[in-house]
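Chemist: What would the 3D arrangement of this be:
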Amino acid sequence: MSSSSMIETLMYQIGQLFLLPVLVLVALLFLYSLYVLGGFAVQAWQRRDTGRQRGFPLLRYVERKPEATEDELDLYAHKLLEPERLASRVAPMLGLVGTMIPMGPALKSLSDGNLAQVSGSLTVAFSAVILALIAASITYWVANVRRRWLAEELVLLQQKGKTA
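Modeler: Numbering: from 1, shown residues only. Below is the predicted model of the structure:
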């Protein structure tokens, strides 16, 4: 066996080791996106009642910490958006990895004439990318709407003179 062939075999085997962890992460990101969507719906409902400030995290932050500066509020807003932003960027990457890993065994099975194995591998590959893209779409949309909401809160706080 040549050194090139050994390296290729080693890389193939290492790549296959990542299939299960990647699929688990894609599934977790999909579940997380549904959780985020539920939290978003609750926050949208809470924002209907501006007097209670439950759906307004920056207003509540200023209520707890009246001396908060505009920079602190901006940092807090970024912190609130970070999980959804990360999920919306990582999910498509993991979806691509979850698609590419099963393609190796699918192509190998195709060359062996095992169409049932090809079908199984392709099913895993396309399911991974579909769930990852749905998760990314949900978290991207939620992050963008929440970013607008937080910007509106910052403007409201500036108008009230609550920030420096």
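
Chemist: what's the pLDDT at the nearest residue to residue 73 once chain neighbours are set aside?
Modeler: Spatial nearest neighbour of residue 73, excluding adjacent residues (CB to CB, 6 or more residues apart in numbering): residue 58 at 5.6 Å. Quick note: C-beta positions are derived from backbone N, CA and C, even for glycine. Note for residue 58: predicted pLDDT of 94.

Chemist: wouldn't residue 58 be in contact with residue 76 here?
Modeler: Yes: here residue 58 reaches residue 76: they are 6.8 Å apart, a contact under CB atoms under 8 Å.

Chemist: neighbour-wise, which of those two wins?
Modeler: More crowded of residue 58 and residue 76, by other CB atoms under 10 Å: residue 58, with 24 against 17.

Chemist: Secondary structure element for that one, which one?
Modeler: Per DSSP states H and E, residue 58 falls inside helix 57-64.

Chemist: Quick check: residue 41 vs residue 105, distance?
Modeler: Distance, residue 41 to residue 105, using CB to CB, to the nearest Å: 40 Å.

Chemist: name the element residue 10 belongs to?
Modeler: Per DSSP H and E: helix 3-17 holds residue 10.

Chemist: Setting the sequence-adjacent residues aside, check what's closest to residue 57.
Modeler: residue 80 (5.9 Å).

Chemist: Help me confirm that that neighbour comes into contact with residue 146.
Modeler: Yes: using CB under 8 Å, residue 80 is in contact with residue 146, at 7.2 Å.

Chemist: Neighbour count: the two, which is higher?
Modeler: Set residue 80 next to residue 146 and count neighbours by other CB under 10 Å: residue 146 wins out with 21 against 17.

Chemist: show me the contacts for the nearest residue to that one once chain neighbours are set aside.
Modeler: Excluding its sequence neighbours, the residue lying closest to residue 146 (CB to CB, 6+ apart) is residue 81, at 6.0 Å. Shown in contact with residue 81 (CB atoms under 8 Å, 6 or more residues apart in numbering): 143, 146-147, 150.
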